[in-house]
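**Q** Just need the structure, nothing else, for what follows:
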Amino acid sequence: MECAQKETLGFQTEVKQLLHLMIHSLYSNQEIFLRELISNASDAADKLRFEALAKPELLEESPQLKIRLSFDSAARTLTIEDNGIGMSREEVIANLGTIAKSGTSDFLKQLSGDQKKDAHLIGQFGVGFYSAFIVADEVSVETRRAGASADSGVRWVSKGEGEFTIEAIERAERGTRITLHLKEACAEYADGWRLRNLIKKYSDHIALPIELPKEASGEDDKPAEPEWETANRASALWTRARTEVKDEEYGEFYKHIAHDFEDPLAWSHNKVEGKLEYTSLLYVPGRAPFDLYHREAPKGLKLYVQRVFIMDQAEQFLPLYLRFIKGVVDSNDLSLNVSREILQKDPNIDAMRGALTKRVLDMLEKLAKNDGEKYAKFWKAFGSVIKEGPAEDFANKEKIAGLLRFASTHAGNAEETVSLADYIARMVEGQDKLYYLTGESYDQVKNSPHLEVFRKKGIEVLLLTDRIDEWLMSYLTEFDGKQFVDVARGDLDLGALDSEEDKKAQEEVSKAKEGLLERLKKALSEQVSEVRVSHRLTDSPAILAIGEQDMGLQMRRILEASGQKAPESKPIFEINPAHPLVGKLEAEQGEQRFSDLALVLFDQAALAAGNSLKDPAAYVRRLNQLLVELSA
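**A** Predicted structure coming up:
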């Protein structure tokens with residue numbers, strides 16, 4: 001063989017930062033490095049199984065897939081070897097020299113400087129291999145891709161100090177061997193008893209055998225060639241009966257498939273028999289990944305067909321608004337030569353998608369009912385994503401709405417949220433609508449003048465401050481047979497909540513103030529579409545309302561942020577005739593001064609609604625003039 005010259009290459013900048021974090025981290029749970037490396041070896045075996053469906057020759061002379069751990073206590077080394085898919089030279093450089101996953105920059109931004117907290121981020125960005133440097137001061141990788149010739153092996157070596165060497169080697173077997181030269185303080189990981197315990201703890205669920213040298217009964221009995229014994233159950237966890245699986249095993253399996261270090265909030269393990277036959281194991285994570293809103297981010301369930309791995313991220317089994325769900329689906333009803341195109345057209349997929357979606361929603365409903373604290377954590381992490389549901393999943397709109405949580409005027413603070421069912425249970429006598437107000441922040445909407453009449457009558461109003469909320473409410477028009485009403489939109493009609501006397505008084509006031517309304521329309525003709533007497537206000541002099549068909553402030557800002565132009569519209573100007581400032585305005589005879597006072601009231605109403613002023617300098621000038629006159 002003509003050997004290629006050994007090369008020394010530098011790590012990608014992000015990898016250098018990551019290695020520095022790991023090597024210098026005071027990580028409180030070093031042992032998870034073994035779980036990460038075993039998980040990678042398991043993934044390599046899954047990929048080989050999939051490719052071997054079309055090319056059986058890739059299995060070569062060793063169709064039995066396995067992972068082997070060996071160690072040398074004297075030399076302080078630990079070796080993890082698999083006979084999976086292996087890597088080519090190009091794949092070695094790509095996989096071990098860079099972090100090839102979207103969101104890397106977001107990951108690095110999250111590094112807080114607190115080494116213990118930062119270490120918990122490892123694994124969420126496809127960087128599990130680098131955890132080897134937590135316990136090793138040098139790591140070597142020898143690998144050959146399945147189907148390649150023996151002389152196309154590759155050796156990669158690094159001390160985690162900013163560079164690595166790579167060279168061609170002879171390697172008869174396919175797969176990958178990783179050798180860790182353990183730090184002196186980490187010599188415990190070159191011990192059979194310790195490794196067996198870690199495998200049982202973290203990797204018992206791995207669906208292929210993890211082998212260790214068999215423990216000899218005495219030094220004289222130690223064979224020249226080690227005998228191997230399996231240290232894990234070597235059966236797919238989802239194929240076992242639920243009664244046989246401990247909660248700890250479910251938790252470790254989640255960490256394996258999700259590359260997460262936290263326990264899941266909930267899970268659902270279910271076997272379906274009948275017209276369709278499949279098994280699903282679905283998890284609700286405890287935290288959102290940094291790439292949750294990245295369009296190109298990987299998402300979906302691990303797909304197996306008759307226990308044969310097919311696809312790592314099968315997006316077709318859950319709608320986009322449930323993209324945070326992790327898990328496995330194993331079907332007996334899909335063809336083994338299945339591809340992405342076939343998956344999209346297979347009618348069985350639609351049936352499974354509907355059933356799995358309902359199962360996830362039921363799981364979340366159960367979590368909300370039985371553990372409010374965990375559900376609050378879920379909502380904080382994934383609430384904005386769930387709000388995409390009513391637009392995407394019409395069939396489950398009511399069920400999704402039941403999972404929504406909002407701040408409200410009856411809650412103590414922004415963190416305290418209420419469900420729509422709780423809101424309906426507290427509705428006052430005569431109330432038949434669900435009232436809400438959207439805005440940019442909790443403080444802004446909580447103190448909005450739009451809420452004055454609702455406070456007076458003791459009516460609860462939902463406070464919606466998420467950027468997606470206005471868009472959400474354009475699809476979520478009712479719940480439990482009751483319509484939603486935006487208290488800042490259109491002509492507010494409280495229905496039975498207003499007595500006949502109230503309605504008659506409102507009509508009389510509107511008629512009595514027709515002259516003032518006409519003067520205001522003339523003075524504010526460029527700013528507003530209509531001027532009318534308000535039924536919303538009890539304390540403030542004026543307010544801006546949105547036309548029934550007009551776009552609200554949240555949607556306008558979303559469009560503008562994306563570079564699109566929002567359609568032109570003017571607000572409705574409503575006045576409170578009982579307010580002293582409106583009384584003074586009505587008594588003003590000078591048209592110029594009347595116009596200036598009207599513009600001041602308009603700008604104040606715009607600020608209270610969260611709008612930015614088109615001409616702040618003019619507002620300040622008019623306000624200063626009024627202050628001078630008052631002090632004269």
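
**Q** what's the spacing between the closest residue to G10 other than its chain neighbours and A94?
**A** Leaving aside its sequence neighbours, G10 sits nearest to E163 (CB to CB, 6 or more residues apart in numbering; 5.0 Å). (Glycine included, C-beta is placed from N, CA and C.) E163 sits 16 Å away from A94, going by CB to CB, to the nearest Å.

**Q** before we move on, the earlier item: hang on, the residue nearest to G10 packs against E7?
**A** No - using CB atoms under 8 Å as the test, E163 is too far from E7 to be in contact (10.2 Å).

**Q** Which segments of the chain make up each domain?
**A** 7-228, 238-370, 497-631 (automatic domain parsing).

**Q** and stretch 257-270, average pLDDT?
**A** Regarding stretch 257-270, the rounded mean pLDDT is 91.

**Q** what residues does it touch?
**A** For stretch 257-270, the external contacting residues (CB atoms under 8 Å, 6 or more residues apart in numbering) are 32, 36, 39, 120, 122-124, 126, 128, 238, 242, 245, 250-251, 254-255, 279-287, 302, 326-328, 359-360, 362-364, 366-367, 374, 377-378.

**Q** Out of those, which end up buried?
**A** Buried by 16 or more other CB atoms under 10 Å: 32, 36, 39, 120, 122-124, 126, 128, 238, 245, 250, 254-255, 279-287, 302, 326-328, 359-360, 363-364, 367, 374, 377-378, out of the contacts of stretch 257-270.

**Q** and these, which of them are in strands?
**A** Taking DSSP state E as the definition of strands, those contribute 279-284, 302, 326-328.

**Q** Rebuild those residues as a markdown table, extending it with pLDDT and distance to D137.
**A** Listed next are those as a markdown table, based on pLDDT from 0 to 100; distance: CB to CB, whole Å:
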| residue | pLDDT | distance to D137 |
| --- | --- | --- |
| T279 | 95 | 43 |
| S280 | 96 | 43 |
| L281 | 97 | 38 |
| L282 | 97 | 40 |
| Y283 | 97 | 35 |
| V284 | 97 | 39 |
| K302 | 89 | 34 |
| K326 | 96 | 34 |
| G327 | 95 | 37 |
| V328 | 94 | 36 |
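
**Q** For this protein, which element, helix or strand, carries the lowest mean pLDDT?
**A** helix 115-119 (a mean of 45; mean pLDDT, DSSP states H and E).

**Q** The residue nearest to G10 and L9: what is the separation?
**A** The value you get for E163 to L9, if CB to CB is used, is 6 Å.

**Q** do E249 as well
**A** Counting by CB to CB, the gap from E249 to L9 is 40 Å.

**Q** tell me which element the closest residue to D330 other than its chain neighbours is part of?
**A** Excluding its sequence neighbours, the residue lying closest to D330 (CB to CB, 6+ apart) is Y304, at 4.0 Å. Applying DSSP states H and E as the criterion places Y304 in strand 301-305.

**Q** List every C-alpha atom in that strand, with coordinates, as PDB.
**A** Only the C-alpha atoms of strand 301-305 are listed here, as PDB (Å, rounded to 0.1, in the frame of the first residue of the first chain):
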ATOM      1  CA  LEU A 301     -39.000  10.500  15.300                       C
ATOM      2  CA  LYS A 302     -36.500   7.600  14.900                       C
ATOM      3  CA  LEU A 303     -38.200   5.200  12.500                       C
ATOM      4  CA  TYR A 304     -37.700   1.400  12.600                       C
ATOM      5  CA  VAL A 305     -39.500  -1.100  10.500                       C
END
